[in-house]
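>>> just coords:
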Ligand SMILES: Nc1ncnc2c1ncn2[C@@H]1O[C@H](COP(=O)(O)OP(=O)(O)OP(=O)(O)O)[C@@H](O)[C@H]1O
Ligand SMILES: [Mg+2]
């Protein structure tokens, strides 16, 4: 089997004031090794919830009612918290949606990166510092020697997202979850960040779960795409096939709306 | 820490102190109570009284009195205590270290205890430890420091006599310390038995002083820790696999401390003001205790000196708090 992550029949819901509402109703999602797997769906479809379930950071009001998340021969759902942390934090990383709030505002960028390396790669302080400079260089940050001593508020949004991408790739994870990693950035920076993720992914062979509602972005970088609709994956295809031959009605509508939008944008 | 910031603050100290001195000077001469009447022996004549008045310069107009006092203060002379007939500066300097040791101990206790309670309440939030922390802070916000002082004396001095209830040190102990900072000096010299009795004397007044501030710190810090724990960078640290205590202390605490430190300046001033009653209750020989005596005796020069001393303590405390605020918060650090 070549899947890095295998989500099977996942049911998940949220309880608020004794009122239970389901969010995911039997989701299946298989992410193959060294691929970028897109996850598309309307706002509120539950994409972020699925990502959080995989990462183990669901809000306390949320429960997983049924199903499995298979990773490296273990079911993450049933695992004790400590063991899960040991396994998942080393091999599953995250690129967050909002780079402005995802770095600790009172800690220097270099220390935040270095701590992760020291935790997982067992590097000592000096080696970690050297490695941090290399990592920042890999994400095309100019003048890494200066940036390591800076605080997040001294960096632009694009720079911060580069730092977070460096952090995500730093421990050579098997899977990176990127939940709308460019929505908080302006358009020109978005393109650079996408390219960077794509490039690092192909260099390292890491798998990426790429969440977005922008089909244009998905088309550009994904190998496979899953469509999430009303708490279910209604369609899974290779990116090429999906755009040429969408099977589910919802996908067809989605593509149609998007193509209108693009036609409109292009003639403008 | 940028030097201009300190400099700016230090320059502001001078007008503040002048303002304080004017207000005190005028107030003391407007309120009823005549220092001369407090000191004359029975059967003194009008002439004696006038003589004394002249001696202490109290027959002159307020403005002139102030200017004379102020020009002497500039030379470092705060005059002579009317009731104790000693130099005011000497009197205050002999008692100030006791108050500084007490206040610093109380501040230390409240910061350590308040922070620990906030961390415990956050780590086990919605569980019984948080309930206990909330109960403790609620209780301590309702009970003032002097009441704690009385409760402690009753509990550990009378009902269950564990600790000495008055003074700073056992009078039978032969002290050969050179400074008035007994605790610091005994520690430096390694005289641990002396150190221990000092601590025994200080522990009750220090805790009584510390408890209200502990409650304020615990409450405000817990609220901002709770808010901080919902931030994205905390989620990020969880994904990275850091342990829950490390996340709480390394990632959350420093951020959460910023608003608490900003708010605690006033609270530290309350603690300093609390030394007046607490030192009285425990007969602790500091400037707080001395202040009450000075007020009762209408000892104008001593009161003036004491109030200026308290003003300087307030200013120093707030300066330290502002500096730690700037150290914690990189955004304002280099402004
Ligand atoms: N903390 C929460 N508590 C309760 N319900 C929540 C919470 N977060 C999200 N939800 C609900 O769960 C559902 C799925 O939310 P989710 O954030 O996963 O959507 P999404 O697909 O990521 O949307 P978007 O594209 O806007 O990010 C939504 O209906 C939302 O109202
Ligand atoms: Mg989302």
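The structure has been received and is ready for your questions. Please read all numbers here as calculations on a predicted model, not as lab measurements. Ligands and ions are numbered 1, 2, ... in the order given.
>>> checking the residue of the stretch 51-200 of chain B at minimum distance from ligand 1 next. Helix, strand or coil?
Of all residues in the stretch 51-200 of chain B, residue B:126 sits closest to ligand 1, at 16.0 Å by C-beta to the nearest ligand atom. Where C-beta positions appear, they are placed from N, C-alpha and C, glycine not excepted. Per DSSP: H, G, I helix; E, B strand; the rest coil, the local secondary structure of residue B:126 is coil.
>>> count of residues packed around it?
Neighbour count for residue B:126, taken as other C-beta atoms under 10 Å in any protein chain shown: 9.
>>> pull the contacting residues for residue 210.
In the absence of a named chain, chain A is used. Counting by C-beta atoms under 8 Å, 6 or more residues apart in numbering or on different chains, residue A:210 touches A:36-39, A:178, A:181, A:197, A:218, A:221-222.
>>> please go with chain B instead
Residue B:210 neighbours (C-beta under 8 Å, 6+ apart): B:105-107, B:109-110, B:113, B:271.
>>> format those as JSON lines; extra columns: pLDDT.
Formatted as JSON lines, the contacts of residue B:210 follow (pLDDT from 0 to 100):
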{"residue": "B:105", "pLDDT": "96"}
{"residue": "B:106", "pLDDT": "96"}
{"residue": "B:107", "pLDDT": "94"}
{"residue": "B:109", "pLDDT": "97"}
{"residue": "B:110", "pLDDT": "96"}
{"residue": "B:113", "pLDDT": "97"}
{"residue": "B:271", "pLDDT": "93"}
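>>> among these, which are in reach of ligand 1?
By C-beta under 6 Å from any ligand atom, no member of those lies near ligand 1.
>>> in the stretch 101-250 of chain A, which spans are strands?
For the stretch 101-250 of chain A, applying DSSP state E, counting those that start in this stretch gives strands covering A:175-179, A:207-211, A:224-229, A:232-238.
>>> nearest to residue A:150, out of those?
In terms of C-beta to C-beta, the element of the strands of the stretch 101-250 of chain A nearest to residue A:150 is strand A:175-179, at 24.0 Å.
>>> what number of residues lie near residue A:57?
Counted by other C-beta under 10 Å, the residues lying close to residue A:57 total 14.
>>> just checking, it touches residue B:239?
Yes. Counting by C-beta atoms under 8 Å, residue A:57 does reach residue B:239; the two are 6.2 Å apart.
>>> and the helix or strand bottoming out on mean pLDDT in chain B, what other elements does it pack with?
Lowest on mean pLDDT, DSSP states H and E among the helices and strands of chain B sits helix B:35-39, with a mean of 76. On a contact count with 3 or more C-beta pairs under 8 Å, 6 or more residues apart in numbering or on different chains; DSSP states H and E, helix B:35-39 meets helix B:46-55.
>>> buried ones in the helix it packs on?
By neighbour count with 16 or more other C-beta atoms under 10 Å in any protein chain shown, helix B:46-55 contains the buried residues residue B:52.
>>> run through who's touching the next helix or strand after it.
Downstream of helix B:46-55, the first helix or strand assigned by DSSP states H and E is helix B:62-74. For helix B:62-74, the external contacting residues (C-beta under 8 Å, 6+ apart) are B:21-22, B:25-26, B:29, B:57-58, B:60, B:78-79, B:301, B:304, B:308.
>>> among the residues you listed, which one sits closest to residue A:168?
residue B:308 (58.8 Å).
>>> got the angle for the helix or strand encompassing that closest one vs helix B:62-74?
Using DSSP H and E, residue B:308 falls within helix B:300-328. Here the directions of helix B:300-328 and helix B:62-74 differ by 60 degrees (axes from the mean of the first three to the mean of the last three C-alpha atoms, to 10 degrees).
>>> contact residues of the stretch 101-250 of chain A facing ligand 1?
residue A:213.
>>> residue of the stretch 101-250 of chain A nearest ligand 1, please.
residue A:213 (5.4 Å).
>>> burial of the closest residue to that residue other than its chain neighbours, as a residue count?
Closest residue to residue A:213 apart from its sequence neighbours, by C-beta to C-beta, 6 or more residues apart in numbering or on different chains: residue A:40 at 6.2 Å. By the criterion of other C-beta under 10 Å, residue A:40 has 25 neighbours.
>>> residue A:40 and residue A:27: what is the separation?
13 Å (C-beta to C-beta, to the nearest Å).
>>> sort out which residues of the least confident helix or strand of chain B are buried, please.
Buried, per 16+ other C-beta under 10 Å, within helix B:35-39: B:35-36, B:39.
>>> do stretch B:167-184 as well
Neighbour-count burial for stretch B:167-184 flags B:168-169, B:177, B:180-184 (criterion: 16+ other C-beta under 10 Å).
>>> and of the residues you listed, the nearest to residue B:157?
residue B:168 (15.2 Å).
>>> ok, that closest one - contacts?
Residue B:168 makes contacts with B:98, B:182, B:198, B:201-202, B:284-285, as judged by C-beta under 8 Å, 6+ apart.
>>> tell me which element it falls in.
Assigned by DSSP H and E, residue B:168 belongs to no helix or strand.
>>> wait, doesn't residue A:177 sit right on residue A:95?
Yes. Proximity of residue A:177 to residue A:95 meets the contact threshold set by C-beta under 8 Å, at 7.3 Å.
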